[in-house]
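K.L.:
Please find the sequence and the predicted model below.
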Amino acid sequence: MPMVFHAMPEAFQLMIVRKHLPAAPEWTLQPQVDGIVPTLVGCTIAQAEEVGGRVRLGLERLDGGRTVVMADHVIAGTGIGWICGGWRSFRPRCRSGWTA
């Protein structure tokens, strides 16, 4: 069944993409995270290494700066950029309007 989407008419595929993508489940977790878990946004993980049972992350910020943080746990999200560049199951015409 995974390939059934490809068998659908292109107009149907475009309608599904416009109405249902990208998914945004993060709002369901927001009350459990905001103000409770330290959050950094707009960063790219440039380096990660284990140091004494913890994680040292080298981060590159959007402004070009760099930050190093130590953490016990890391939850990293890829954001919309992954969907834009990584989902090949949709025809190029469907993906053409997606931007990161």
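P.N.:
Good, I have the coordinates.
K.L.:
Now the element after the lengthiest helix in the chain, going C-ward?
P.N.:
Criterion DSSP state H: the longest helix present in the chain is helix 10-20. Downstream of helix 10-20, the next assigned helix or strand under DSSP states H and E is helix 26-33.
K.L.:
Give me the mean pLDDT for that next one.
P.N.:
For helix 26-33, mean pLDDT rounds to 74.
K.L.:
By neighbour count, which bits of the helix or strand following it are buried? Give me those.
P.N.:
Note on helix 26-33: by DSSP H and E, the next helix or strand toward the C-terminus is strand 43-51. Neighbour-count burial for strand 43-51, counted by 16 or more other Cβ atoms under 10 Å, picks out Cys43. From N, CA and C alone the C-beta is placed, and that goes for glycine too.
K.L.:
how about the CA coordinates for strand 43-51, as CSV?
P.N.:
Written as CSV, here are the backbone C-alpha positions of strand 43-51 (Å, rounded to 0.1, in the frame of the first residue of the first chain):
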residue,chain,number,x,y,z
CYS,A,43,21.0,25.9,15.5
THR,A,44,22.7,23.2,13.5
ILE,A,45,24.7,20.5,15.3
ALA,A,46,28.2,20.8,13.9
GLN,A,47,29.8,18.4,16.4
ALA,A,48,28.8,16.0,19.1
GLU,A,49,30.9,13.9,21.5
GLU,A,50,30.5,12.0,24.7
VAL,A,51,32.4,13.5,27.6
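K.L.:
which other residues reach that strand?
P.N.:
With contact meaning Cβ atoms under 8 Å, 6 or more residues apart in numbering, strand 43-51 is reached by 55-62, 66-67, 70, 74, 76.
K.L.:
Using CSV, lay out the residues you listed together with pLDDT.
P.N.:
Shown next, in CSV, are the contacts of strand 43-51 (pLDDT from 0 to 100):
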residue, pLDDT
Val55, 93
Arg56, 94
Leu57, 93
Gly58, 93
Leu59, 92
Glu60, 91
Arg61, 87
Leu62, 84
Arg66, 94
Thr67, 92
Met70, 95
Val74, 88
Ala76, 81
